[in-house]
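> Have a look; sequence and predicted model below, questions after that.
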Amino acid sequence: MRKLVKLALVAGAAGGAAGAVQSFRKDDPGELIAQKAMKAAGEAAAVGAVVGFVLDRRDKKRKAKARMKVSAGLTTAGLMEAAKAARPALEHALEVAASFAETAKAEAVPRVEHAVEVARPKVELAARTAAEKAREAAEAAKPRVEAAVDAARPRVEHAVDIARPKVEQAARQARERAVELAETAQSRTNGLAAKVA
C-alpha cells in the first residue's frame with residue numbers, strides 16, 4: 001500500500017507540472033492552466049497508483065510464499081480437515097462483515113452528503129479566490145516562465161521521449177501481471193473449493 005501511495009503522489013506531481021508547462025506554452029489563461037494541471041496530475045497519479053498497486057501485490061506475494069514455505073510441513077489431510085472446520089466460521093464472518101459494511105454505508109452516506117453541502121460554498125469561494133490569484137501570479141510570472149520553458153523544452157522533450165516507452169511497457173506489464181495474479185488466485189480458489197467440497 002505504501003508504494004501505491006508514493007508512486008501516485010510522485011506521478012501526480014510530475015503530471016501536474018507537465019500539464020502546467022504545456023498550458024503556459026499555449027498562453028492559456030490562469031484558470032485553464034489550473035484545470036489542465038489538475039487533469040494531468042490526476043491521470044499521472046492513476047498510472048502511478050496502478051504501478052504502485054502492482055509492486056505492492058508483488059511484495060505481498062513474496063511474503064505469502066515465505067509463509068507457505070513455513071507452513072509446508074502440514075499434511076494434505078490436515079489441511080483438508082482444517083479447511084472443513086474453518087468453513088462455517090468463515091461463512092459466518094463473511095455474513096457479519098457484510099452486515100457491518102451495509103450498516104456503515106447507511107450511516108456514512110447522509111454524513112458525507114451533509115459534509116459536501118456544508119463545504120460546497122467554501123470550496124467555491126476558495127476556487128474563485130485561487131483562480132484570481134493564479135491569474136495574477138501567471139501574468140506576473142509569464143515572461144520568466146516563457147524563458148524557462150524555452151530553456152527547458154529540449155530537455156523535457158528528450159526526457160518524455162525516453163520515458164514514454166518505459167511507462168507504456170510498465171503499464172502493459174502491470175496489466176499482464178494483474179491478469180496472471182487474478183488467474184492464479186482463481187485457480188487456487190477453485191482448487192481449494194473443490195478439495196473442501
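Alright, I've got the coordinates.

> For the helix or strand where residue 65 lies, the averaged confidence score.
Per DSSP states H and E, residue 65 falls inside helix 30-70. For helix 30-70, the mean pLDDT works out to 73.

> Which SSE is immediately downstream of that helix?
helix 76-196.

> separation between the residue sitting nearest the centre point of the chain and residue 42?
The centroid of the chain falls nearest to residue 49 when counting by Cα atoms, centre = their mean (2.9 Å). Here the criterion is Cβ to Cβ, to the nearest Å. By it, residue 49 lies 10 Å from residue 42. Yep, even glycine has a C-beta here, placed from its N, CA and C like the rest.

> do the same with residue 177
23 Å.

> what does residue 191 give?
Taken as Cβ to Cβ, the span from residue 191 to residue 42 is 40 Å.

> Please say which of those two ends up with more neighbours.
residue 42 (14 against 10; other Cβ atoms under 10 Å).

> Against residue 145, how distant is the more buried one?
For residue 42, the distance to residue 145 - Cβ to Cβ - is 22 Å.

> Residue 97 too?
52 Å.

> what's around residue 55, how many residues?
So residue 55, with other Cβ under 10 Å, has 18 neighbours.

> Likewise for residue 181?
With other Cβ under 10 Å as criterion, residue 181 counts 15.

> now do the one 5 residues further on
Counted by other Cβ under 10 Å, the residues lying close to residue 186 total 10.

> Next up, the contacts around it.
By Cβ atoms under 8 Å, 6 or more residues apart in numbering, no residues touch residue 186.

> pLDDT score for it?
83.

> Repeat that for the one 10 residues further on.
Each residue has a pLDDT score; the one for residue 196 is 65.

> do the same with residue 92
On the pLDDT scale, residue 92 gets 77.

> Kindly provide the distance from residue 133 to residue 141.
Taking Cβ to Cβ, one finds residue 133 at 12 Å from residue 141.

> overlap in contacts of those two?
By Cβ under 8 Å, 6+ apart, no residue touches both residue 133 and residue 141.

> How much space separates residue 67 from residue 89?
In terms of Cβ to Cβ, residue 67 sits 20 Å off from residue 89.

> again with residue 168
According to Cβ to Cβ, residue 168 and residue 89 sit 46 Å apart.

> What of residue 125?
Taken as Cβ to Cβ, the span from residue 125 to residue 89 is 53 Å.

> Same question for residue 127.
Taken as Cβ to Cβ, the span from residue 127 to residue 89 is 51 Å.

> Between those two, point out the one with more neighbours.
residue 127 (12 against 9).

> so what pLDDT did that one get?
Reported pLDDT for residue 127: 79.
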